[in-house]
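Asks: Just the structure for this:
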Amino acid sequence: MSKIRKVIKFHCSGKSKLFISNYLSLSRNTVKKYISLFELLGLSFEAIDAKTDAELEVLFSQNTVETIEPKLQKLHDFFPQMERELKKVRVTIQLMWERYITIHPDGFKSSQFRHHFKIWGKRVNPVMHMNHKSGDKMYVDYAGKTLSIIEKETGEIKEVQFFVAILGASQHTYAEASISQQKEDFVTSVENAMRFFEGVPAAIVPDNLKSAVIKSSRFE
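Replies: Purely as a prediction, here's the structure:
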């Protein structure tokens, strides 16, 4: 649970700022800031509690509530839903802007919309940089969207899987289409990737692939 949410919860239940500060290991100035912003917002605890941790971080990261223009606040309120929608196939930022401008005709234009979303994303989704050792790991996965091929002789359209392998340090990439994600096709694709890279990594890291998991109901 977000510490912001906990501060507001304790405050609404009658706890002192000193108690909240000690219990949550927060400075008294931070506790005072959160409580002051909560009171200026004029929202109930139920309204605060209904917001996600990401929404609370954005709302309470402002120095004063007055710095958030109503127009910008509506945009920030739209972003959490937009972020979830963007994880779906064929949903783009342009499509989400069209939905937003339909709801808010006087809202931001496309370029400003993208600009504010980029800033918002950096604040609520900080990037963790990873250091990769050369030749250490090869990351493998299948693209979420399948591709299609056409049989020359019959004209039949068949769906194929799109296998991708990436070396962590260099980002050197190998990709191929395969008939399925079954174990045999998966192993063949991995072998082809290592031949392409002309080497064997210390570890092969799949992303939750069933093909890469061997299940057994008994030990032999």
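
Asks: The strand or helix carrying Lys33: how far from the chain's middle?
Replies: Assigned by DSSP states H and E, Lys33 falls within helix 28-41. Put simply, helix 28-41 sits 29 Å off its chain's centre (CA atoms, centre = their mean, to the nearest Å).

Asks: buried sites along it?
Replies: Of all the residues in helix 28-41, those buried under the rule 16 or more other CB atoms under 10 Å are 30-31, 33-35, 37-38. (Glycine included, C-beta is placed from N, CA and C.)

Asks: Check stretch 151-165 too.
Replies: So, applying 16+ other CB under 10 Å, buried residues of stretch 151-165: 161, 163-165.

Asks: ok, the residues you listed vs Lys71, which is closest?
Replies: Val164 (40.7 Å; CB to CB).

Asks: Got the phi and psi for the closest one?
Replies: phi -130, psi 140 (degrees, to the nearest 10).

Asks: what residues are up against the closest residue to it other than its chain neighbours?
Replies: Take Val164 and drop its neighbours on the chain: the residue closest to it by CB to CB, 6 or more residues apart in numbering is Ala175, 4.8 Å away. Taking CB atoms under 8 Å, 6 or more residues apart in numbering, we find Ala175 in contact with 162-165.

Asks: next one: Thr188
Replies: Here Thr188 is in contact with Ser178 (criterion: CB under 8 Å, 6+ apart).

Asks: Farthest from the middle of the chain: give me that residue.
Replies: Ranked by distance from the centre of the chain (CA atoms, centre = their mean), the top residue is Glu153, with 43.4 Å.

Asks: re the thing from before, with the buried residues of helix 28-41 in mind, which one is nearest to Lys118?
Replies: For these, the closest approach to Lys118 (CB to CB) belongs to Leu37, at 24.4 Å.

Asks: Report the distance from stretch 177-189 to the chain centre.
Replies: The answer for stretch 177-189 is 28 Å, by CA atoms, centre = their mean.

Asks: any idea of the mean pLDDT in it?
Replies: For stretch 177-189, the mean pLDDT works out to 90.

Asks: How about stretch 203-214?
Replies: Per-region confidence: stretch 203-214 scores 70 on mean pLDDT.

Asks: Tell me the strands beside whichever strand or helix holds the residue nearest to Val164, with direction?
Replies: If you go by DSSP H and E, Ala175 is part of strand 173-178. Paired with strand 173-178 in the same sheet, following DSSP bridges, are strand 157-167 (antiparallel).

Asks: Neighbours of Gln94, how many?
Replies: If you count neighbours by other CB atoms under 10 Å, Gln94 ends up with 10.

Asks: contacting residues around it?
Replies: By CB under 8 Å, 6+ apart, the contact set of Gln94 is Ser110.

Asks: ends of stretch 83-97, how far apart?
Replies: End-to-end span of stretch 83-97 (CA to CA, to the nearest Å): 12 Å.

Asks: what ranges do the helices span in this structure?
Replies: Assignment of helices within the chain using DSSP state H yields the ranges 3-12, 17-24, 28-41, 45-49, 53-60, 70-85, 93-103, 110-124, 183-197.

Asks: Put together a markdown table for those helices, with distance to Ile149 on each row.
Replies: As requested, these are exported to a markdown table (distance: least, CB to CB, whole Å):
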| stretch | distance to Ile149 |
| --- | --- |
| helix 3-12 | 51 |
| helix 17-24 | 58 |
| helix 28-41 | 56 |
| helix 45-49 | 51 |
| helix 53-60 | 41 |
| helix 70-85 | 30 |
| helix 93-103 | 28 |
| helix 110-124 | 35 |
| helix 183-197 | 14 |
